[in-house]
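Peer 1: Kindly return the folded structure for what I paste below:
(2 chains)
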Amino acid sequence: DTEVTQTPKHLVMGMTNKKSLKCEQHMGHRAMYWYKQKAKKPPELMFVYSYEKLSINESVPSRFSPECPNSSLLNLHLHALQPEDSALYLCASSQPGLAEIQETQYFGPGTRLLVL
Amino acid sequence: AQKVTQAQTEISVVEKEDVTLDCVYETRDTTYYLFWYKQPPSGELVFLIRRNSFDEQNEISGRYSWNFQKSTSSFNFTITASQVVDSAVYFCALVGGATNKLIFGTGTLLAVQP
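Peer 2: All right, here's what the predicted structure looks like:
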């Protein structure tokens, strides 16, 4: 069973709505990630938080706003999305790693988002 | 630049056949990590294995085995006696240097027919 949970599993929203995706991990990890995955494509990194601070933003449009309230929670706030933002949104967590030591990222089940 | 190539877009096998999924990578980093993930239709990415660039030992876990060869920059994955439950998209991924960024291949869709 995954120790990274995501809610909701499915979300349908209009272009004027505001919604949030939630991710929670129970593994004591201090790095958390948001990925976007379109159908038949690999996941694309959006944001990385390390020790609750944003460390990587892959030039994501401002209509996506991440938030890390504490070490086990990660939110993605959505506002004024476009239909092309419809995708599977995956959350992951890992230990931050030391220097060049890379820790394994563990993924949640994802939220399937449809923007109408 | 870092890159992962999975040349096999789709593979279809019959149950109990062995199948090998290919992965070729490019990186200039001397220290790097390679991963395999499985993504069933439900969508969750399931971690299968992690290898660092200094450990070329092959690994076997049940019906799964991995062949890491630095000389050919390959990290291939073999499933022995495939089962219908192995049907999924499999991603090979690379992280190099001091970054958290997973570089994914395009994935291989494996369909195991009963």
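Peer 1: Which positions within stretch B:52-70 qualify as buried?
Peer 2: By neighbour count on 16 or more other CB atoms under 10 Å in any protein chain shown, the buried set for stretch B:52-70 is B:53, B:64, B:65, B:66, B:67, B:68. C-beta: built from backbone N, CA, C; applies to glycine.
Peer 1: Going through those residues, which one is the model least confident about?
Peer 2: Minimum pLDDT for the buried residues of stretch B:52-70 is recorded at residue B:53 (91).
Peer 1: Lowest-scoring secondary structure element of chain B by mean pLDDT?
Peer 2: Ranked by mean pLDDT, DSSP states H and E, the helix or strand of chain B with the weakest confidence is strand B:59-61, at a mean of 89.
Peer 1: Quick check on the residue nearest the centre of chain A: phi, psi?
Peer 2: Centroid-nearest residue in chain A: residue A:34, 2.5 Å away (criterion: CA atoms, centre = their mean). Backbone torsions for residue A:34, taken as degrees, to the nearest 10, come to phi -120, psi 130.
Peer 1: Bridged to it, which residues?
Peer 2: residue A:47, residue A:91 (DSSP bridges).
Peer 1: Could you pull up the residues touching residue 71?
Peer 2: Just going to use chain A. Applying CB atoms under 8 Å, 6 or more residues apart in numbering or on different chains to residue A:71 gives the contacts A:28, A:29, A:30, A:51, A:52.
Peer 1: if I look at it, how far off is residue B:38?
Peer 2: 27 Å (CB to CB, to the nearest Å).
Peer 1: Could you measure from residue B:15 over to chain A?
Peer 2: Look at residue B:15 and chain A: by CB to the nearest CB, to the nearest Å, they are 24 Å apart.
Peer 1: That residue touches residue B:113, doesn't it?
Peer 2: Yes - using CB atoms under 8 Å, residue B:15 is in contact with residue B:113, at 6.6 Å.
Peer 1: Excluding chain neighbours, give the residue nearest to residue 12 in space.
Peer 2: As the question left the chain open, I've gone with chain A. Spatial nearest neighbour of residue A:12, chain neighbours left out: residue A:114 (4.7 Å); criterion: CB to CB, 6 or more residues apart in numbering or on different chains.
Peer 1: right idea, wrong chain: chain B
Peer 2: Per CB to CB, 6+ apart, closest to residue B:12 is residue B:111, 4.6 Å.
Peer 1: can you confirm the one you found is in a helix?
Peer 2: No - according to DSSP: H, G, I helix; E, B strand; the rest coil, residue B:111 belongs to no helix; its state is strand.
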